[in-house]
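In: have a look at this fold, sequence not included:
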């Protein structure tokens with residue numbers, strides 16, 4: 001009896017784009033109708049490749065940015081992708097971007113202000129205004145100086161001189177990028193809307209948020225992955241896309257990183273070490289705790305519970321350049337368990353203020369003493385060697401401080417959810433920091449670390465948020 005030929009499954013191409021804190025990245029993914037996927041091509045563009053005139057200041061980690069920077073990066077990325085892949089084959093495009101980055105736009109979608117970034121902490125008066133608002137809900141994530149809501153109030157107050165001819169539009173970073181591609185306006189995804197005050201439980205804007213932001217019209221909120229519309233004729237022609245290319249609502253960069261890891265079951269937890277340190281765990285029910293900066297995102301039938309610290313890779317980059325970090329990391333060999341022992345002695349931050357696992361805009365960093373002499377990478381004398389040793393100790397203490405914050409975050413999550421960590425995944429640039437990984441492995445392999453069964457340290461399926469965001473598109 002002849003064997004029937006294997007039936008070829010239909011496939012579709014998705015372009016996932018991650019607008020992160022250090023640059024933009026794109027991944028072209030082929031997915032078949034059995035939901036198997038394959039990454040065909042990736043490209044990235046760093047903020048550091050741009051002239052400083054594109055930025056509000058010469059430091060891309062500044063607390064404010066010109067949104068023109070994002071469009072410039074997106075333009076460069078799409079042109080680079082088109083040189084290696086025929087973009088007319090792309091059927092779907094979906095993006096993620098940094099959480100709680102926001103600006104005000106005109107009703108036509110033009111930027112009226114610079115964007116206040118995820119790490120902006122100046123809206124302390126607005127944070128008090130929120131807490132004093134009539135009908136204020138103490139469980140909301142839209143509080144604190146770093147919340148999107150506080151930043152919107154800050155922008156409104158500090159741009160009154162602009163004399164808006166009509167009420168401006170609230171635009172998250174991802175909303176601004178989506179508008180550039182498909183002209184959709186005043187519509188956002190529920191993950192980005194959370195820190196503006198959207199209630200994921202009731203799936204609506206609370207009355208007190210609506211009243212607080214009157215006369216602004218709050219954006220329509222849709223689930224991540226929802227089709228926003230087709231790409232505009234202008235952008236299709238500009239980059240070589242099909243005019244039928246569908247643009248989808250995306251999510252935040254940390255959730256996209258979470259999805260890339262392969263985490264999928266209740267108890268699965270992902271830590272992402274980029275410029276900041278973000279931790280999220282899958283739970284069957286939501287949790288909001290303002291004391292510790294814990295909040296929840298809806299993800300299909302479950303919830304992602306966690307938060308994001310102001311500490312992270314940016315602390316290391318504030319102290320050393322990337323080549324110096326690599327040198328210090330590689331020079332610290334033969335460390336003992338005692339060398340790697342973590343304590344609560346240090347809590348490294350670049351400035352005052354923390355979001356998670358402590359929520360306090362006035363929280364003071366606990367920094368190890370930094371050597372007074374400049375780092376000498378290739379010592380030629382005993383004095384030089386002593387200077388290098390001092391920097392190695394300082395660098396190691398910064399790393400151990402990051403692990404302490406991670407440890408504190410897990411304990412707070414367990415304390416408040418009673419959900420033990422099942423599998424523990426790591427994504428983000430920190431996955432390449434071998435010293436951080438060595439310190440984490442030593443610490444989290446110790447049975448005395450947790451009050452619940454030890455989590456299993458798992459290798460992430462992918463570290464690419466641009467790939468992870470494509471998993472939000474269902475067929």
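Out: That came in fine, so what should we check first? Computed from a predicted structure; not experimentally measured.
In: so, low pLDDT: which residues of this structure?
Out: 1-9, 34-35, 51-62, 161, 447-453, 475 (pLDDT under 70).
In: mind giving me the packing neighbours of the top helix by length along it?
Out: The longest helix of the chain (DSSP state H) is helix 382-417. Helices and strands touching helix 382-417, by 3 or more CB pairs under 8 Å, 6 or more residues apart in numbering; DSSP states H and E, are strand 269-273, strand 277-283, strand 302-309, helix 313-319, helix 322-331, helix 434-444. Placement of C-beta: from N, CA and C, glycine included.
In: switch to 10 Å and redo it
Out: strand 269-273, strand 277-283, strand 302-309, helix 313-319, helix 322-331, strand 423-427, helix 434-444 (3 or more CB pairs under 10 Å, 6 or more residues apart in numbering; DSSP states H and E).
In: deepest-packed of these, please.
Out: Ranked by mean neighbour count, the helices and strands packed on helix 382-417 are led by strand 269-273 with a mean of 28 (mean count of other CB atoms under 10 Å).
In: mind listing the helices for this structure?
Out: In the chain, the helices defined using DSSP H lie at 68-82, 124-131, 148-158, 173-182, 190-193, 207-212, 233-239, 253-261, 313-319, 322-331, 382-417, 434-444, 465-468.
In: can you list those in a markdown table and add distance to residue 45?
Out: Below are the helices of the chain laid out as a markdown table (distance: least, CB to CB, whole Å):
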| stretch | distance to residue 45 |
| --- | --- |
| helix 68-82 | 5 |
| helix 124-131 | 33 |
| helix 148-158 | 26 |
| helix 173-182 | 14 |
| helix 190-193 | 22 |
| helix 207-212 | 35 |
| helix 233-239 | 14 |
| helix 253-261 | 15 |
| helix 313-319 | 18 |
| helix 322-331 | 17 |
| helix 382-417 | 27 |
| helix 434-444 | 26 |
| helix 465-468 | 12 |
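In: of those helices, which is nearest residue 226?
Out: helix 190-193 (9.5 Å; CB to CB).
In: quick one: distance of that closest one to the chain centre.
Out: 13 Å (CA atoms, centre = their mean, to the nearest Å).
In: and what of stretch 117-135?
Out: 21 Å.
In: then stretch 302-311?
Out: On CA atoms, centre = their mean, the centre of stretch 302-311 falls 10 Å from that of its chain.
In: cool, stretch 23-41 as well?
Out: On CA atoms, centre = their mean, the centre of stretch 23-41 falls 20 Å from that of its chain.
In: correct me, but residue 187 touches residue 223?
Out: No: if you go by CB atoms under 10 Å, residue 187 and residue 223 don't touch, sitting 11.7 Å apart.
In: which neighbours do those two have in common?
Out: Common neighbours of residue 187 and residue 223 (criterion: CB atoms under 10 Å, 6 or more residues apart in numbering): residue 249.
In: out of the helices and strands packed on helix 382-417, flag the one nearest residue 148.
Out: strand 302-309 (12.9 Å).
In: if you count contacts, what does the closest one end up packed against?
Out: By 3+ CB pairs under 10 Å, 6+ apart, strand 302-309 packs against strand 246-252, helix 253-261, strand 269-273, strand 277-283, strand 295-299, helix 382-417.
In: how does it look with 7 Å?
Out: Packed against strand 302-309 by the contact rule (3 or more CB pairs under 7 Å, 6 or more residues apart in numbering; DSSP states H and E) you find helix 253-261, strand 277-283, strand 295-299, helix 382-417.
In: hey, which of these is tucked in deepest?
Out: helix 253-261 (a mean of 30).
In: could you report the separation of the nearest residue in space to residue 264 that is not next to it in sequence from residue 433?
Out: Nearest non-adjacent residue to residue 264, counting by CB to CB, 6 or more residues apart in numbering: residue 282, 7.5 Å away. Plainly put, residue 282 is 25 Å away from residue 433 if you go by CB to CB, to the nearest Å.
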